[in-house]
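[1] predicted model and sequence below, questions to follow.
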Amino acid sequence: MAGGNSISQKREKAAVPGPSGRTARVRWWLRRPRVIIPVAVAALVLVATGVRYLLDDGMSGPSGPFPRPVATQAPAGVPQLVATTPEGPGRMQIYGGVAINGALKFFGGRGDAVRAVGIATGRTYWKYKQKHAQPIGLDRTTGDVYVDGRHDLVKINVRTGRIRWSRPTPGYFPNEHAIVSGTGTLVIFDDYGSGGDMTGIDPVTGRTRWTSAHSCDKVKRTTVVVGGTLAMACGLADDVVRGVDLATGKQRWQQEQSSDFSVLDDGQGHVAVSAKDGFDLLDPATGKVLRHHLTKGEVTVAFSDGMRLSACALGKSRGMCGSDADTGERLWSSAFPGHPAGYVPGDPGNRAYATVADGRVYSLSAIDTPQREVDQIVVFDLRTGRRLADWSLDGLTMSQVPLTIADGVLAVHKDDVAGAVGLYADRPDLHRTRHLFFQ
């Protein structure tokens with residue numbers, strides 16, 4: 001009996017009944033702190049260094065009412081620099097009162113995400129969190145922004161933050177000519193080297209309609225959609241203009257060109273090919289040259305309301321000229337202020353650029369200052385050529401599309417690694433410049 005009691009006492013010490021009547025066994029890992037503590041520390045480190053993105057991707061917001069546009073029209077005089085944003089691999093977009101941009105860590109942002117931020121307030125309206133995400137295009141007819149997530153393309157409604165669709169993409173295309181919104185077809189370029197693939201997508205569903213190869217280098221590529229044709233100016237390896245059927249992706253025509261040229265929409269149903277000392281008007285369906293214009297000392301930079309705008313040589317200076325788009329008759333000319341940088345008599349310059357909004361021409365030109373060469377913005381009246389305003393920038397713009405105007409805001413894109421996009425508007429009540437996406 002004594003032996004039996006001893007065995008029973010040992011069992012009672014080894015197994016203690018729990019509250020539920022079941023036997024609670026001592027867990028093995030509670031006896032091994034040397035194992036569990038390093039595992040816990042490693043888990044915390046992983047979360048702190050990026051694994052959180054696997055659990056936290058997606059949309060947060062919108063927060064509050066949708067911000068109103070900063071201004072009712074594009075700047076008429078010397079405007080205020082109301083905000084700056086970093087110029088990342090994608091393309092900053094403006095819609096209503098928000099700026100939509102990515103915030104990569106090496107640009108000083110708070111993480112890998114695309115945010116819609118109030119330009120006047122600096123407050124985040126919504127945030128779409130996905131690694132390496134950048135905006136690359138905007139459909140103004142529907143109010144949707146296209147976001148490149150490195151290996152997928154996402155369509156998001158700006159006002160609601162609703163994700164319309166998401167689809168995989170074969171590569172990475174963060175450049176300002178990566179996406180073209182045409183009539184009923186969205187075209188994306190997957191660039192590698194001097195060529196790549198282009199894919200036609202249904203903008204409503206995100207489904208692929210067609211895919212075809214292209215050999216159009218992104219560094220020199222400019223595009224325009226006219227009458228169901230995507231016209232592409234291809235430089236470097238191939239100095240040609242190609243016309244592609246938006247419905248099928250098949251090439252319709254090809255025109256050889258000299259170097260330093262671009263394609264424009266003349267606003268009258270033609271593709272305009274602009275080069276130094278002349279421009280051609282092409283039939284978008286066939287590529288046939290309908291008219292050839294010699295414009296010695298001019299480079300055509302824009303068309304608007306029946307007028308052709310060109311950077312032109314004016315004696316010992318450079319300036320902007322306005323001509324009748326049909327007859328070619330020069331209607332006005334106005335010189336840029338300041339001393340033109342690196343001026344060669346009779347040369348209109350190869351960095352000329354202009355855009356038009358609200359009856360005004362916004363042009364970009366380089367001038368020499370005592371310290372260095374800088375760019376300046378000059379504003380002209382579209383009809384008369386009267387100079388309305390001018391101001392200098394801090395340095396030079398490097399982007400192929402340095403000026404964009406949307407919802408009353410003039411955006412000046414520098415497009416270098418450390419550069420910022422300056423957002424200008426007629427808002428004298430805003431006394432300080434907000435630095436968006438840098439927080």
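    All right, it came through fine.
[2] pretty sure F437 contacts I100?
    No - under the contact definition of CB atoms under 8 Å, F437 does not touch I100, with a separation of 9.9 Å. Bear in mind the C-beta positions are built from the backbone N, C-alpha and C, glycine included.
[3] between the two, what contacts are shared?
    When contacts are counted by CB atoms under 8 Å, 6 or more residues apart in numbering, F437 and I100 have 115, 117 as shared neighbours.
[4] does V70 touch L410 like I think?
    No - V70 is beyond contact range of L410, at 10.5 Å (criterion: CB under 8 Å).
[5] give me the common contacts of these two.
    Counting by CB under 8 Å, 6+ apart, the shared contacts of V70 and L410 are 423, 425.
[6] quick check: nearest residue in space to L314, chain neighbours excluded?
    A335 (5.1 Å; CB to CB, 6 or more residues apart in numbering).
[7] kindly report the same for G143.
    Leaving out its chain neighbours, G143 is closest to V158 (CB to CB, 6+ apart), at 5.1 Å.
[8] so the one you found makes contact with T142?
    No - the pair formed by V158 and T142 falls short of the contact definition of CB under 8 Å, at 9.3 Å.
[9] OK, contacts around the residue nearest to G143?
    Contacts were defined as CB under 8 Å, 6+ apart; by that measure V158 touches 95-96, 98, 100, 116, 138, 143-145.
[10] mark which of those residues are buried, thanks.
    Burial by neighbour count, judged by 16 or more other CB atoms under 10 Å, picks out 95-96, 98, 100, 116, 138, 144-145 from the contacts of V158.
[11] of those residues, the lowest pLDDT goes to which?
    Within the buried ones among the contacts of V158, L138 has the lowest pLDDT, namely 89.
[12] verify the stated contact: that residue with K155.
    No - in this structure, L138 is not within contact of K155 by CB under 8 Å, at 10.4 Å.
[13] residues that sit against both of these two, list them.
    When contacts are counted by CB under 8 Å, 6+ apart, the set common to L138 and K155 consists of 144-146.
[14] and of these, the nearest to L294?
    Of all the shared contacts of L138 and K155, the one sitting nearest L294 is Y146; the distance, using CB to CB, is 39.8 Å.
[15] list the beta-bridge partners for the nearest residue to C216 once chain neighbours are set aside.
    Distances taken as CB to CB, 6+ apart place C234 nearest to C216, at 3.9 Å, with adjacent residues excluded. Following DSSP bridges, C234 is listed with bridge partners V240.
[16] kindly report the same for Q93.
    Bridge pairing for Q93 (DSSP bridges) gives the partners I100.
[17] which of the buried ones among the contacts of V158 fall in strands?
    Using DSSP state E, 95, 98, 100, 116, 138, 144-145 are the members of these that sit in strands.
[18] would V225 count as being in a strand?
    Yes - following the definition DSSP: H, G, I helix; E, B strand; the rest coil, V225 is counted among the residues of a strand.
[19] list the contacts for the residue nearest to R162 when sequence neighbours are not counted?
    Sequence neighbours aside, I156 is the residue nearest to R162 in space, at 7.0 Å (criterion: CB to CB, 6+ apart). Contacts for I156 (CB under 8 Å, 6+ apart) come out as 59, 114, 128, 144-145, 147, 162-164.
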